[in-house]
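J.: fold the following.
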Amino acid sequence: MGIFRKLLLIFSVYILILFAQACGSADCALTGFVGCDGDGADKSRIEGTVLDVVGQSGVSGIKIRAERNGQRVASKTTNAQGEFKLKVREGDITLLFETSTFTVARVFTITEDSEVFLDVILEPGQVMVDDWQVLQDPIRCEGSNAFIIDEEDLVDFTLDGNGRDCIRAKGDCFIDISVQNIALNDCNEGIFTENNANLTLEALASPTLTIDAESNAIHTKNNSSVTLTGVDIFVTSTEANGILAEDFSAVEIQPSGQCTIDGFDEPISQDVTATVDPNGCTLE
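T.: Okay, here's the model as predicted:
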């Protein structure tokens, strides 16, 4: 029986090694057998284009390596048009660009279940971002988890709900999105928070922040809070309330330009215990 157990252990280790090799990365190997088929565990995609390399003719053949914590998670080489595609997991990803004369790197924050479109220019010492767009699937955040992307004025962030709630946050979840433009499109409810969830959306520079929903555009419950900050802010519900604040929840709108809160039922509906500060927005 002892020999049989040893053989079984050796066989199990051998199978685990085969799966880990199929994954192609240490991160994937840690997930075990479920979804561990190379790209299966990588839920986000980067589609990039190297527009120009200063001091070099042509943009083909540039080696690109994606690293997390110093370990390679993906790699590609640009085609004749400078295009490349990578599949990665969410988190801070360092992209290293190796040209014929120099190597440069930059860290990019990649969110879960997203498509990232990058146009970059390479020069000795830096990666210049010409365009950075994020197409995001609906966000679900529970417990003490966090969803954070803070990229100052570089990113156009678009979330397509496809008829589902665009953002749902429960528990002690913390969501903080600070980028250039923010658009939540085709939502059932645009934003729903409950318990102690805290959500902040901030559109920087001189952009817009829009929420288009069929049901409530913003819906808060319990002790949760939502803060919107931007130049122009537009909150729209086609069949319910622009803002529905229940219990002891709080909503604060902070525009520096135009602001409209439009609801089919009411622009703002709130319990007496809830706090809503529209800060001069037009209510329709």
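
J.: just for the stretch 51-200 of the chain, where's the confidence low?
T.: Segments of the stretch 51-200 of the chain classed as low confidence (criterion: pLDDT under 70) are 152-153.

J.: residues near residue 95, how many?
T.: 23 (other Cβ atoms under 10 Å). In short, each C-beta sits where N, CA and C put it, glycine included.

J.: quickly find the element holding it.
T.: strand 91-98 (DSSP states H and E).

J.: mind listing what the nearest residue to residue 237 once chain neighbours are set aside touches?
T.: Closest residue to residue 237 apart from its sequence neighbours, by Cβ to Cβ, 6 or more residues apart in numbering: residue 217 at 4.4 Å. Contacts of residue 217 were listed using Cβ atoms under 8 Å, 6 or more residues apart in numbering, and they are 187, 189-191, 211, 235-237, 240-243, 261, 263.

J.: what's the answer for residue 122, then?
T.: Counting by Cβ under 8 Å, 6+ apart, residue 122 has contacts 50, 52-54, 62, 97, 99, 104, 128.

J.: looking at this, it is in a helix?
T.: No: Residue 122: not assigned to a helix; according to DSSP: H, G, I helix; E, B strand; the rest coil it is strand.

J.: distance check, the nearest residue to residue 112 once chain neighbours are set aside against residue 108.
T.: Take residue 112 and drop its neighbours on the chain: the residue closest to it by Cβ to Cβ, 6+ apart is residue 90, 3.9 Å away. Going from residue 90 to residue 108 by Cβ to Cβ, to the nearest Å gives 11 Å.

J.: so if I had to pick from the two, which one is more boxed in?
T.: The neighbour comparison of residue 90 against residue 108 (other Cβ under 10 Å) goes to residue 108, with 24 against 16.

J.: strand 91-98 and the helix or strand where the more buried one lies, what's the angle between them?
T.: According to DSSP H and E, residue 108 maps onto strand 103-110. Strand 103-110 and strand 91-98 are oriented at 160 degrees to each other (axes from the mean of the first three to the mean of the last three Cα atoms, to 10 degrees).

J.: so which elements touch strand 103-110?
T.: strand 44-53, strand 91-98, strand 114-123, strand 126-136, strand 146-150 (3 or more Cβ pairs under 8 Å, 6 or more residues apart in numbering; DSSP states H and E).

J.: after the fourth one, next one along is what?
T.: Yep, that's strand 126-136 we're talking about. Downstream of strand 126-136, the next assigned helix or strand under DSSP H and E is strand 139-141.

J.: ok, that following strand: who's next to it in the sheet?
T.: strand 167-169 (parallel) (DSSP bridges).

J.: ok, residue 263 touching residue 238?
T.: No: with contact defined as Cβ atoms under 8 Å, residue 263 does not reach residue 238; the gap is 9.0 Å.

J.: which of those two has more neighbours?
T.: Neighbour totals were compared for residue 263 and residue 238, and residue 263 leads with 24 against 12 (other Cβ under 10 Å).

J.: who does residue 253 bridge with?
T.: Assigned bridge partners for residue 253, using DSSP bridges, are residue 228.

J.: I'd assumed residue 278 was in contact with it.
T.: Yes: Residue 253 is within contact range of residue 278, at 5.2 Å (criterion: Cβ under 8 Å).

J.: residue 276 versus residue 246, what's the distance?
T.: 11 Å.

J.: that older thread, the contacts of residue 122, buried ones only, as a ChimeraX selection?
T.: Under the burial definition 16 or more other Cβ atoms under 10 Å, those of the contacts of residue 122 that qualify are selected in ChimeraX by:
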select :50,52,53,62,97,99,104
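
J.: could you identify the most distant pair in the contacts of residue 122?
T.: 62 and 128 (14.5 Å; Cβ to Cβ).
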